[in-house]
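S.K.: Sequence and predicted structure, then a few things I'm wondering about:
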Amino acid sequence: MKILLAHNYYQLRGGEDDFVDMLHTLLVKKGHKVYLYSKKSSELVSFGNQVMSSIQLLTSVNNEIDKIISTFHPDICHIHNIFPGINFSIINTCKKRGIPIVQTVHDYRYLCLNGTFYRDKNVCRLCIDRNRLFGIKYKCYHSSLLASVFLLLSLSTNLNTIKKIDKFIFPNSYSKDLFNRYLHIEENKSIIISHFIPKMFVEKLVKKEHYFMYLGRLSPEKGIIELLNLFKKEKKINLLIIGTGPLAKYISSLRYTNVQYLGYVSTKKKYNLLRKALFSIIPSRVEEQGPLTLLESFMCGTPIIAPNLSSIAEKVRKKCGFLYNPNVHDSFLSVLIKANTLAKEEYEIMRTSVLNEYKKHYSENIYYKRLISLYEAVSQ
């Protein structure tokens, strides 16, 4: 099968970018011919380029993608992030050429201009609960009034274009239900296929060391500040932080005796450290689409501590870790202390459970079987 992947890489690399690269590698490994059509937001450094990319959100013609299709002749197009460099033109072009389209939904951009339902250090649902013009008022797309205006105009004028997509792939039932409700997507156009993580090592239980671990993007909506405040109080428990993002400079300036920040590390080192951690903490303040960190932790045999949010709770079953109530004071702290004092027998049950969850739901072969079945179904 000839597969056209399309993705606009973010200015600061994140889990979605990693996932697209892993998917590209997987499909090639399985014998498919794959063309990765990509743009990079990191190249839009000048004000002029940013203005042009904002204006192009309204463009319905893309000669570049038309030439690629004419040369490559894909059987299917699988899109991921299309803003700002690819835009809706790829959907219209593919439909004119009779090429089926699927999209993996990685964020909430179709419903929220900043894609996360998070603004000014708090969860924000103004665009879906009241009016999408709030996204312009608060400059929610790249903190730019102009960019926010053009994105909202693009979304508003392309509602029917979005519905031309043959199948939407959601990583969890929460996001599927949300999009179906607010975008009025037909139920038969939506499917849940969880993300995957390729196995990176020969499975072997390693000796655990006495530290907890945060792995991921260092940004406010991820709850990293609240996590640091917690460990500032609970100095008897050690925390290891790996990742990059807007808060990296601030975190590296902290001098907590029980917190170590390593920044970016190689994949091999990341997984070696994650395998030795007692628990992986995912303190997100928003409903996640993945997150890949959770799947990586399962693969490494490391249980989870996370908030009791719908998108995460459906993956963290009873024996896979602990969920705390983000709306109850000291719930996070209580769970952290409980995890730190967990009996060895109970911990080993959790460790085995997360490994089994990975094998059953999140390995690359499981994902591939589900995805290729979808490709074949929409291509008929």
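M.R.: Great, that's in hand. Residues are numbered from 1 along each chain as shown.
S.K.: Met350 versus Leu183, what's the distance?
M.R.: In this structure, Leu183 and Met350 are 37 Å apart, going by CB to CB, to the nearest Å. C-betas here are computed from N, CA, C, even on glycine.
S.K.: more neighbours, the two?
M.R.: Of the pair Leu183 and Met350, Met350 is the one with more neighbours under other CB atoms under 10 Å, namely 21 against 16.
S.K.: I'd guessed the more buried one sits against Gly321; true?
M.R.: Yes - Met350 sits in contact with Gly321 when judged by CB atoms under 8 Å, with a separation of 6.5 Å.
S.K.: Identify the contacts common to the two.
M.R.: By CB atoms under 8 Å, 6 or more residues apart in numbering, Met350 and Gly321 have these common neighbours: Pro303.
S.K.: Okay, buried residues for the helix or strand where Val354 lies please.
M.R.: Element membership for Val354 (DSSP states H and E) is helix 344-357. Within helix 344-357, the residues scored as buried using 16 or more other CB atoms under 10 Å are Met350, Arg351, Ser353, Val354, Leu355, Glu357.
S.K.: Same check on stretch 243-262?
M.R.: Gly243, Thr244, Gly245, Leu247, Ala248, Ile251, Val259, Tyr261.
S.K.: Between the two ends of that stretch, what distance do you get?
M.R.: Stretch 243-262 has an end-to-end distance of 8 Å (CA to CA, to the nearest Å).
S.K.: And stretch 110-130, by the same measure?
M.R.: Start-to-end span of stretch 110-130 (CA to CA) is 15 Å.
S.K.: same thing with stretch 208-224?
M.R.: Span of stretch 208-224 from end to end, CA to CA: 23 Å.
S.K.: what mean pLDDT does it have?
M.R.: Stretch 208-224 carries an average pLDDT of 95.
S.K.: Stretch 273-293 too?
M.R.: For stretch 273-293, the mean pLDDT works out to 95.
S.K.: now it, how far from the centre of its chain.
M.R.: Here the centre of stretch 273-293 is set off from its chain's centre by 12 Å, with CA atoms, centre = their mean, to the nearest Å.
S.K.: again with stretch 107-114
M.R.: Distance of stretch 107-114 from its chain centroid, counting by CA atoms, centre = their mean, is 13 Å.
S.K.: How about stretch 76-89?
M.R.: Distance, stretch centre to chain centre, for stretch 76-89: 16 Å (CA atoms, centre = their mean).
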